[in-house]
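Colleague: Structural data only, the sequence is not supplied:
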Ligand code: ZN
C-alpha cells in the first residue's frame, strides 16, 4: 500500500492541487494522511477542505484548524496569524466547521502515530531541536511518529543506544524504515519554511518500507494575488516567495 503524507496545507489551494497532481503522476496512493492545519494563513480554506474530502483520507487537528472553529484561543497566535484566522472563520461553511471541529488529535495507523505538533503536545509543541524531540519519543508507542507544525522537512532518529539525532529530510534521498524509531516531518504543502518555496510532501510505501520526500513547484503568484484581494497580512503573502 502507498500512502501520501501531507501537512500544513494552510488554505493554499494552488499548492495543494499541485501536490495531488504530483501524487497522481507518481502512480497514486491508497490513502492520504494529513497532519493538520488544513486552513489558516491562505486564501482558500473552504476549497482546501472540500478538495481534501474528495480524497480517501484521514486527518488530525492542527492549531489553525481548531482556532478557526473556536476550539483554541487566538491569544496564542501572533497578530498576523490571528487576523488570518478571523478571516478564515468568516469563510467557513457549516459543513467545514463540523469537519474541523471533529478532527481528532492523534491517529495511530500501521506502525505510525500521527499528530500535528508533537506526541506530547499534539496541538502546540514545535519539534525543532534534538532535545525536545528526544523527550517526545516516550510519548508514543508505535515505531514511527509523523508530525507537521514546524513546516520544516525533518527526521529525528532515536537509536537503540538511546541517542537522538536530527537530519533534514531531503528530496534526493529515500528514507528506509529500519529498527530505529523515528519522528518524521514531511514539510508543508502550503507554506514551506526551509528556504525552498516549493510545496513539500512524502509518500510511504508499506511494501518497500521507504518514505520519500517530494518538492512540487506551484503557482505561488496565483495564491498571493488572492491573498491581496482578500486583504490578508502582507508578511504571510511575501513569505511564500521565499519559503520562510
Ligand atoms: Zn502550520
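Modeller: Arrived safely, thanks for sending. These numbers were taken from a predicted model, which means no experiment stands behind them. Numbers count the residues shown, from 1 in each chain.
Colleague: CA only for contacts and neighbour counts going forward, please
Modeller: Will do.
Colleague: For this structure, give me the ranges with low pLDDT.
Modeller: Residues of the chain that meet the criterion pLDDT under 70 are absent altogether.
Colleague: Could you list the contact residues of it toward the ion?
Modeller: 8, 149 (CA under 5 Å from the ion).
Colleague: Next, name the residue at the spatial heart of this structure.
Modeller: In the chain, the centroid-proximal residue (CA atoms, centre = their mean) is residue 7; its distance is 1.5 Å.
Colleague: Now do the same contact list for the residue of the chain most remote from its centre.
Modeller: Residue farthest from the centre of the chain, counting by CA atoms, centre = their mean, is residue 161 at 30.0 Å. Listed by CA atoms under 8 Å, 6 or more residues apart in numbering, the contact set of residue 161 is empty.
Colleague: now swap in residue 162 and tell me
Modeller: Contact analysis of residue 162 by CA under 8 Å, 6+ apart lists nothing.
Colleague: rerun that using 10 Å as the cut-off
Modeller: With contact taken as CA atoms under 10 Å, 6 or more residues apart in numbering, residue 162 is in contact with 134, 180.
Colleague: do residue 92 as well
Modeller: Contacts of residue 92 by CA under 10 Å, 6+ apart are 39, 44-47, 49, 68-69, 98, 100.
Colleague: Which helix or which strand is home to residue 213?
Modeller: Using DSSP states H and E, the element containing residue 213 is strand 210-216.
Colleague: I'd assumed residue 189 was in contact with the residue nearest to the centre of the chain.
Modeller: Yes - if you go by CA atoms under 10 Å, residue 7 and residue 189 touch, sitting 6.1 Å apart.
Colleague: ok, so what distance separates residue 143 from residue 16?
Modeller: With distances taken as CA to CA, to the nearest Å, residue 143 is found 28 Å from residue 16.
Colleague: These two: who's more crowded?
Modeller: Per other CA atoms under 10 Å, whichever of residue 143 and residue 16 has more neighbours is residue 16, with 27 against 18.
Colleague: Just to check, that one is in contact with residue 220?
Modeller: No - counting by CA under 10 Å, residue 16 sits too far from residue 220 to count as a contact (11.3 Å).
Colleague: tell me, what's touching the two both at once?
Modeller: Common neighbours of residue 16 and residue 220 (CA under 10 Å, 6+ apart) are 190, 199.
Colleague: Can you show me the helices along this protein?
Modeller: With DSSP state H as the criterion, the chain has helices at 13-25, 45-53, 63-68, 79-91, 94-101, 130-136, 220-229, 234-242.
Colleague: Just put the ones you listed in a markdown table and tack on distance to residue 109.
Modeller: Below are those laid out as a markdown table (distance: least, CA to CA, whole Å):
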| stretch | distance to residue 109 |
| --- | --- |
| helix 13-25 | 20 |
| helix 45-53 | 18 |
| helix 63-68 | 21 |
| helix 79-91 | 30 |
| helix 94-101 | 20 |
| helix 130-136 | 18 |
| helix 220-229 | 33 |
| helix 234-242 | 31 |
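Colleague: Nearest approach to residue 193 belongs to which of these?
Modeller: With CA to CA, the closest approach to residue 193 among these belongs to helix 234-242: 8.2 Å.
Colleague: mind checking how far that closest one is from the chain centre?
Modeller: 18 Å (CA atoms, centre = their mean, to the nearest Å).
Colleague: Against which helices or strands is that helix packed?
Modeller: Contacts defined by 3 or more CA pairs under 10 Å, 6 or more residues apart in numbering; DSSP states H and E place helix 234-242 against helix 79-91, helix 220-229.
Colleague: Noted, bye for now.
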